[in-house]
Structures are given as C-alpha cells and as structure tokens.
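Student: Whatever this is, show me its structure:
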Amino acid sequence: MAERPKLVLAMKPDVLDLVLPASLRARLDSLADVHPGLVTDPADPDAADALANAQVLLTGWGCPVLDAPTLDRMPRLAAAIHAAGSVRSHTTPEVWARGIAVSSAADANAAPVIEYTMATIWLASHRALGTAAEYVAGCQPAFRRRQGADGATVGVIGASRIGRGVIARLLTATAGFRVLLADPYVTAAEADALGVTLVDLDDLCAQSDIVTVHAPDLPETHHLLSAERLALLRDGASVINSARGRIVDTDALTRECGTGRIDAYLDVTEPEPLPDGHPLLLMRNVLVTPHIAGCQGSEVQRLGAYAVDEVERWLKGEPLLGGVQAADLSRIA
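Tutor: Below you'll find the predicted structure:
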C-alpha cells in the first residue's frame, strides 16, 4: 500500500477552526496524513519530526516565513498551499529555487472584495455620504439635484484579479458605467479585450467620478494617489480604497476630504488603524471600515475549501488553480 502523503498545518490556532471547520478537516484527513499539531515556530523541537517528513505545508495567517533555514527543516517539502490571500509575507525566492509548488487562495478571497467594492461604487455614484451629511444637517436636496449612477465614469487603478472582477461587474451593471483603466502592465489590446479604455493615471483622475484602487503595495505604488493626483479629481468625486493604505497619500486625502470637495470610502488606511481622533474618522463625507472587504467570519471557510481543493489537485498531479510563480512576487499585493 502506497504511503499516504504527510501534511503539516502552519497557521495561528485562533483561525484554524474558521479556515478549516470539521467538515473540511475530515476531507483533508481523507486526502493525507495530517499532523495533529499546528506549526507556528519551525524551531520548536516538538515540530521537528513533522517538518522533517512534511510533503505538503498548508499555511494560513500566522504561518512562519519560508526562508532557507526553515526549508532546511523540511527536506521533503514539495508543495506550500496557502489558505489565505497574498503569499508575499511568508514566501521567499528560496521556495521556488527548491522546486516547491506554491498556491494561494487569493481567488476565493477576491469575491467578497469585488462585492464590497461594487456596493461602495453604488453608494459613491449617488454620493450617499455627502447627501446623508446634508440630511443630518436638515437639508433635503431637491429631487432634480440628487446624483444618480447612470453614465458615471469609474476609474479602476490596477487590473489585478480584483480589479478585473470589478471591471466585469461594472460592464454588466444596468447603470451603463463608463470604465477607465490605469495599469502600466496592460496593453491596449488587453484593455480592448477587457472592454475598458486604457488611460494614464493623471487622465483617469481628471475624468473619473469614482476612482477605485486595486493595485498592489509596491515601492513604485507608494502614494500613487498623491496630492497632485487627488487635486485632479473633479468636485463631487469619490475615492474607494480596498487595496492597501500606502497607495493613497493620507495627509493629502485628509486635506481634500476636509474641504468637502470629494468623498472617500476607505477599507484600508495608512497607518492602519488610524489613530483615535484622526480627522478622517470624524468627517461625514468619509467612511472608514477596519479592513473588512475580504473574507470575514463564516466566509473564511471559503479559503480553507479552496486550499483543500488545491491539495487534492496537487495529489492528483493536476495543475494548481491558485498557482503562484516566483516572478509574481514583485507584482502581487
């Protein structure tokens, strides 16, 4: 009888039951010989034997960094499957140098972010925050002055998996949104295939009623929405950020929103969280949420289900749907 593959779980204990509830653990147990403990510290002597024999590492939030010393403890490791989104925080080039397959459940995490962004776009297209603030102040705007969604221009920054998902939803929406895209890696032909108009970032800011951010956090995207670009936004425009806080210049955004000229919907900020009493937390034309766009609560098991599916695909010799290559590291969130 063939030896069952050895699998080790590496994630924080407090997320295990959310990511892998009993039904998924049972399925995982049917696929592999799963070590009963959790590994968060690869130097823990109690984990030595499990790591030495591990062929598959199923990681999650709180997993150790897979650098050379850690990988030296796992000489048989052939696949590292992440039951969460980005793998940037725990993978290193050494993983791919050793021929280890890498997978991420980022696709499963993308769906809630796309839905969250679309809900926010609908609110922004009606300028809901500004109108609500006026209503609280006792002002009931005339019907003809109320803003609607039809024909609004939405500028998408970044054709990431989430950015592309938002684009697809925008193009099938009943409002007839005009969609612009700014992404230096997308060609004109690719933009045509997506059904969007490719523009540079300055033009996107100047032409959009709503700007939604879906770029990765890289050195070149730090403060991509700078003071100069925020100043290009037309009066009444909205900024949505469900990507990374560092992409938007917080001080500049605070000044622009403080005038009431633009609105902002921020699921991420710089810093995160904002300090108590920060002006953005107090403005009626700004909505700040605590990084909740991705999988939350019961949704988190979607990540575990995706990861278990990937384990099964890998064991069958099938391609990994969430496969990540070394070259992807410089461009992913």
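Student: From now on I want contacts and neighbour counts done on CA atoms only, so please keep to that.
Tutor: Fine.
Student: mind checking the SS state of residue 102?
Tutor: Recorded secondary structure, residue 102: strand (DSSP: H, G, I helix; E, B strand; the rest coil).
Student: quick one: low-confidence ranges for the stretch 51-200 of the chain?
Tutor: Within the stretch 51-200 of the chain, the segments meeting pLDDT under 70 span 142-146.
Student: need the helices for it, in chain order.
Tutor: Assigned by DSSP state H, counting those that start in this stretch, the stretch 51-200 of the chain shows helices spanning 68-72, 93-97, 106-125, 128-136, 161-171, 188-194.
Student: can I get these in TSV with mean neighbour count and distance to residue 59?
Tutor: Putting those into TSV (neighbours: other C-alpha atoms under 10 Å; distance: least, C-alpha to C-alpha, whole Å) gives the following:
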stretch	mean neighbour count	distance to residue 59
helix 68-72	14	14
helix 93-97	15	14
helix 106-125	20	13
helix 128-136	16	39
helix 161-171	19	21
helix 188-194	13	33
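Student: What is the neighbour count of residue 55?
Tutor: 21 (other C-alpha atoms under 10 Å).
Student: Likewise for residue 20?
Tutor: 22.
Student: same question, residue 137
Tutor: 9.
Student: Next, give phi and psi for it.
Tutor: Main-chain dihedrals, residue 137, degrees, to the nearest 10: phi -80, psi 0.
Student: and if you look at residue 41?
Tutor: In terms of degrees, to the nearest 10, the main-chain angles of residue 41 are phi -120, psi 110.
Student: For the residue sitting nearest the centre point of the chain, list the residues it contacts.
Tutor: Nearest to the mean C-alpha position of the chain, by C-alpha atoms, centre = their mean, lies residue 243 at 5.7 Å. With contact set as C-alpha atoms under 8 Å, 6 or more residues apart in numbering, residue 243 has these partners: 213, 214, 215, 216, 217, 267, 268, 333.
Student: give me that answer again for 7 Å
Tutor: By C-alpha atoms under 7 Å, 6 or more residues apart in numbering, the contact list for residue 243 reads 213, 214, 215, 216, 268.
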